[in-house]
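Enquirer: Provide a 3D model corresponding to the input given below.
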Amino acid sequence: MQAEYVIIGSGSAGSALAYRLGQAGHRVIVIEAGGSDAGPLIQMPAALSYPMNMPRYDWGFHSEPEPHLGGRVLATPRGRVVGGSSSINGMVYVRGHAHDYDTWEAMGAQGWAYADVLPYFKRMENWHGEDGQPSNFRGTDGPLHITRGPRNNPLFDAFVTAGRQAGYNTTADYNGQAQEGFGAMEATIWKGRRWSAANAYLKPALKQGNVQLYHALARKVVIEDGRAVGVEVQRGGKIEVIRAAREVIVAASVINTPKILMHSGIGPAHHLAAMGIGVIADRPGVGANLQDHLELYLQFAASQAVTLYKYWNLWGKALIGAQWMLTGKGLGASNQFESCGFIRSRAGIDYPDIQYHFLPIAVRYDGKASAHGHGFQVHTGPMRSRSRGAVTLRSADPLAPPKIVFNYMSDPADWQDFRTAIRLTREIFAQDAFKPYVKSEIQPGAGVESDEDLNEFIRAHVESAYHPCGTSRMGRRDDPMAVVDPELRVIGVEGLRVVDSSIFPQVTNGNLNGPSIMTGEKAADHILGKGMLARSNQQPWINPNWRTSQR
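Expert: I've put the predicted structure just below:
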């Protein structure tokens with residue numbers, strides 16, 4: 001079996017890349033270890049907590065015991081299904097802040113500044129906006145539908161109003177000119193369905209006829225005379241090689257991409273030697289630079305029965321599911337993350353470093369509701385942790401899961417940042433807008449006030465926001481820790497690229513599905529050798545008082 005391009009992974013970046021390469025007339029094979037994304041548990045937005053907890057759809061990765069979190073082992077869901085993690089995520093759409101990408105360029109990712117990536121965000125977007133109002137910062141005819149929920153629950157507006165009462169801005173579009181502030185949250189949902197990368201890109205690409213999906217497990221990249229020529233895959237008990245006439249592209253996720261590279265002989269020479277793997281390219285950065293967003297749920301008991309708790313029973317869920325199955329509408333058609341906020345933690349920071357997702361029920365990602373009955377919560381955490389971890393191999397067996405150590409909270413500044421986020425959040429929920437709704441604080445709890453008590457709460461309750469990235473980072477070719485250059489070519493091997501969130505030099509503000517899709521879009525133009533989209537001259541809004549004021 002052979003194609004011009006072979007892509008490992010059908011996730012956010014891989015699907016976008018396959019679509020653009022196929023659109024240009026090239027033959028493409030996409031290798032995907034997982035199965036179909038059909039069925040309501042993936043396609044119904046409100047069912048989002050189910051697929052990320054199901055072995056059928058998730059790789060089932062976990063961190064090693066985290067040394068700074070009391071030895072806790074944290075789940076690291078990654079999609080093992082058509083559409084990858086875009087088929088099991090929360091569907092929240094965040095581009096990241098303009099300064100995230102300017103930082104990338106300053107770190108050696110030449111050509112990835114905000115001016116360079118904004119045109120690709122616009123190309124990929126089919127933005128439905130607020131009341132149909134146009135925006136020259138947004139795209140309206142791309143494959144990726146981006147919508148806003150109806151915000152019918154009064155708690156959504158209460159959250160935005162409370163942010164304003166606390167002295168923060170409101171923003172009409174946090175993905176447009178001004179991220180900072182409180183406002184409506186956007187989602188990759190269209191006509192009541194999850195609009196994953198598979199629905200937006202891969203399925204249309206497969207209909208073109210020159211893109212093929214092949215279900216198999218990628219074991220390693222086959223490299224001959226310093227050039228990638230194919231991918232060794234396993235399907236059932238059979239091992240075969242899928243040949244690539246032009247290039248192999250690894251888009252297998254921040255966890256599996258470095259694993260595949262290392263099994264292919266690309267990675268830290270000392271580690272590969274210890275695993276008994278021959279070294280083809282000594283790249284110490286493979287698997288390093290692992291970073292993520294951590295978050296906490298601040299939960300409040302409600303004094304009114306206005307939350308979703310009334311539906312948190314078998315009968316209520318059945319009614320929601322039946323309405324969605326019959327009409328595609330109702331509560332099942334929303335991920336329930338319909339309002340949000342982005343703020344700065346202190347004066348002297350020029351763009352937001354704390355994110356909020358508001359949810360009108362007190363519930364965990366594993367689907368377990370709070371025992372306190374009616375309640376609501378906000379997910380919050382710092383956006384730019386200084387802690388770094390690594391993905392390494394357990395053995396030379398390609399079927400063995402990798403070893404994942406995030407090294408969460410290893411930098412002392414992260415503790416201060418989290419304590420600040422908790423205290424600022426409590427101030428927001430103390431505003432008049434929430435007085436009709438807040439009965440009491442469930443967690444951390446009113447008695448948890450001191451630095452020591454907050455640290456203990458953080459250590460015991462912090463969870464991944466599921467935004468890992470950085471393990472094959474992009475940089476200058478003379479940077480010893482860079483894995484790919486700014487055209488995403490693996491340094492030291494010809495005909496091989498990495499195209500997914502593992503190339504991010506630094507994690508972006510917010511959820512990573514949008515930036516990952518953008519990476520696939522931009523990578524396509526690099527691979528096709530066509531001119532890049534013209535740089536934008538549009539500038540983001542930055543609070544003019546950022547040097548002296550926190551809000």
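Enquirer: All the helices of this protein, residue numbers only.
Expert: Counting by DSSP state H, the chain has helices at residues 12-23, 40-43, 98-106, 114-124, 154-165, 197, 203-208, 253-263, 269-275, 314-327, 412-429, 451-461, 513-528.
Enquirer: Could you list the buried residues of the fifth one?
Expert: Spelled out, it's helix 154-165. Buried residues in helix 154-165, counted by 16 or more other Cβ atoms under 10 Å: 155, 156, 158, 159, 160, 161, 162, 163, 164, 165. C-betas here are computed from N, CA, C, even on glycine.
Enquirer: Quick check: of the residues you listed, which lies closest to residue 354?
Expert: Relative to residue 354, the closest of these is residue 163; by Cβ to Cβ it sits at 11.6 Å.
Enquirer: residues near the residue nearest to the closest one when sequence neighbours are not counted, how many?
Expert: Spatial nearest neighbour of residue 163, excluding adjacent residues (Cβ to Cβ, 6 or more residues apart in numbering): residue 182 at 3.3 Å. Each residue near residue 182 was counted by other Cβ atoms under 10 Å, and the total is 25.
Enquirer: partners of residue 182 in the sheet?
Expert: The residues listed as beta-bridge partners of residue 182 by DSSP bridges are residue 170, residue 341.
Enquirer: Surely it touches residue 168?
Expert: Yes - counting by Cβ atoms under 8 Å, residue 168 is a contact partner of residue 182 at 5.9 Å.
Enquirer: Now do the shared contacts for those two.
Expert: Residues touching both residue 182 and residue 168 (Cβ atoms under 8 Å, 6 or more residues apart in numbering) are residue 341.
Enquirer: Could you report the pLDDT at residue 364?
Expert: Note on residue 364: pLDDT of 73.
Enquirer: Now do the closest residue to it other than its chain neighbours: how many residues are near it, please.
Expert: Nearest residue to residue 364 in three dimensions, chain neighbours excluded: residue 297, at 7.1 Å (Cβ to Cβ, 6+ apart). Using other Cβ under 10 Å as the criterion, residue 297 is surrounded by 22 other residues.
Enquirer: wait, residue 297 sits on residue 378?
Expert: Yes - if you go by Cβ under 8 Å, residue 297 and residue 378 touch, sitting 7.4 Å apart.
Enquirer: among the helices of the chain, which is nearest residue 494?
Expert: Proximity to residue 494, assessed across the helices of the chain by Cβ to Cβ, is greatest for helix 513-528 (13.5 Å).
Enquirer: With distance to residue 225 and mean pLDDT added, can I get the helices of the chain in a markdown table?
Expert: A markdown table is the format used below for the helices of the chain (distance: least, Cβ to Cβ, whole Å; pLDDT from 0 to 100):
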| stretch | distance to residue 225 | mean pLDDT |
| --- | --- | --- |
| helix 12-23 | 25 | 98 |
| helix 40-43 | 42 | 97 |
| helix 98-106 | 33 | 98 |
| helix 114-124 | 34 | 98 |
| helix 154-165 | 59 | 98 |
| helix 197 | 34 | 98 |
| helix 203-208 | 31 | 97 |
| helix 253-263 | 18 | 98 |
| helix 269-275 | 19 | 98 |
| helix 314-327 | 54 | 95 |
| helix 412-429 | 45 | 98 |
| helix 451-461 | 51 | 98 |
| helix 513-528 | 21 | 98 |
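Enquirer: Within the sheet, what are the partner strands of the lengthiest strand in the chain, with directions?
Expert: The longest strand of the chain (DSSP state E) is strand 238-250. Sheet pairing for strand 238-250, assigned by DSSP bridges, gives strand 2-8 (parallel), strand 227-235 (antiparallel), strand 496-498 (parallel).
Enquirer: what's the offset of the shortest one from the middle of its chain?
Expert: Here the centre of mass of C-alpha atoms in strand 496-498, compared against the chain's by Cα atoms, centre = their mean, to the nearest Å, lies 20 Å away.
Enquirer: Please apply the same query to the longest one.
Expert: Strand 227-235 has its average C-alpha position 27 Å from the chain's average C-alpha position, going by Cα atoms, centre = their mean.
Enquirer: can you state the direction angle for it and helix 253-263?
Expert: Between strand 227-235 and helix 253-263, the angle comes out at 110 degrees (axes from the mean of the first three to the mean of the last three Cα atoms, to 10 degrees).
Enquirer: Contacts only, for residue 494.
Expert: Each residue near residue 494 by Cβ under 8 Å, 6+ apart is listed here: 226, 227, 228.
Enquirer: residue contacts, the residue nearest to residue 163?
Expert: 159, 160, 163, 164, 168, 169, 170, 171, 339, 340, 341, 356.
Enquirer: just curious, which of these is nearest to residue 350?
Expert: Nearest to residue 350 among the contacts of residue 182, counting by Cβ to Cβ, is residue 169 at 14.5 Å.
Enquirer: how many other residues sit next to the closest residue to that closest one other than its chain neighbours?
Expert: Spatial nearest neighbour of residue 169, chain neighbours left out: residue 181 (3.6 Å); criterion: Cβ to Cβ, 6+ apart. By other Cβ under 10 Å, the residues close to residue 181 number 23.
Enquirer: residue with max distance from the center of this protein?
Expert: residue 225 (35.6 Å; Cα atoms, centre = their mean).
Enquirer: how close does that one get to residue 269?
Expert: If you measure residue 225 against residue 269 using Cβ to Cβ, to the nearest Å, the figure is 19 Å.
Enquirer: just residue 101 next, same as before
Expert: Separation of residue 101 from residue 269 (Cβ to Cβ): 32 Å.
Enquirer: for residue 474, same thing?
Expert: Relative to residue 269, residue 474 is positioned 21 Å away (Cβ to Cβ).
Enquirer: Repeat that for residue 115.
Expert: Applying Cβ to Cβ, the value for residue 115 to residue 269 is 37 Å.
Enquirer: Tell me which of those two has more neighbours.
Expert: Taking neighbours as other Cβ under 10 Å, residue 115 and residue 269 compare with residue 115 leading, 18 against 15.
Enquirer: Can you tell me the closest non-neighbouring residue to the more buried one?
Expert: Closest to residue 115 by Cβ to Cβ, 6+ apart is residue 535, at 4.3 Å.
Enquirer: Does that neighbour touch residue 116 like I think?
Expert: Yes - judged on Cβ under 8 Å, residue 535 makes contact with residue 116 at a distance of 5.7 Å.
Enquirer: which residue sits closest to residue 222, ignoring its sequence neighbours?
Expert: In space, residue 222 comes closest to residue 230 once its chain neighbours are excluded; the distance is 4.3 Å by Cβ to Cβ, 6+ apart.
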